[in-house]
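Participant: What shape does this take:
(one chain, ligands or ions: 2)
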Amino acid sequence: MSQEDCLFCKILDGEIPADIVFESDSAIAFRDINPQAPTHVLVIPRRHIATINDLEAGDRELVGDLYLAAKQIAHMEGMADEGYRAVMNCNAGAGQSVFHIHLHVLGGRGLTWPPG
Ligand code: 5GP
Ligand code: ZN
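Facilitator: Ligands and ions are numbered 1, 2, ... in the order given. Below is the predicted model of the structure:
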């Protein structure tokens, strides 16, 4: 189910090009257009869900799939052992700007905590 005017649904539909690095039945992943680390990949579900707040119990497996994709990507990018971060922002106050849930998978450099 794609949602009109959703940037990531347009990437899913192939309307907007992206550097896709991973695809599964439930998710795809592509490189962030404005990377914040040497590796910065976004993992998104194929189904449109706007924010974490919109998740339902039935989405359990889908969200798990996003993390399993992140793990595979970390291995593919050679950063699994050194360390990486897989985070999802919720709503504008946390920096969410695209309202189709996505895991940021960041690595390839040291990452500090807490984030800003
Ligand atoms: P958010 O701020 O919602 O957590 O993350 C959205 C991310 O999407 C940002 O890191 C931003 O750089 C990325 N982004 C925005 N527009 C595009 C685009 O057209 N293509 C790609 N590949 N990434 C995008
Ligand atoms: Zn969408």
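
Participant: Centre of the chain to stretch 24-38, how far?
Facilitator: Distance of stretch 24-38 from its chain centroid, counting by C-alpha atoms, centre = their mean, to the nearest Å, is 6 Å.

Participant: near ligand 1 at all, that stretch?
Facilitator: Yes: contact between stretch 24-38 and ligand 1, assessed by C-beta under 6 Å from any ligand atom, occurs at F30, R31, D32, I33, N34. For glycine as for every other residue, the C-beta is placed from the backbone atoms N, C-alpha and C.

Participant: Residue numbers of this structure in contact with ligand 1?
Facilitator: 7, 16, 18, 30-34, 42, 89, 95-98.

Participant: List only buried entries from these.
Facilitator: Using 16 or more other C-beta atoms under 10 Å as the burial test, those include A18, F30, D32, L42, N89, Q96 as buried.

Participant: Can you name the element that comes right after the longest helix along the chain?
Facilitator: If you go by DSSP state H, the chain has its longest helix at helix 60-76. For helix 60-76, the following helix or strand on the C-terminal side (DSSP states H and E) is strand 84-87.

Participant: contact partners of that following strand?
Facilitator: Contact with strand 84-87 is made by 39, 43, 67, 70, 74, 77, 103-108, 111, 115, as judged by C-beta atoms under 8 Å, 6 or more residues apart in numbering.
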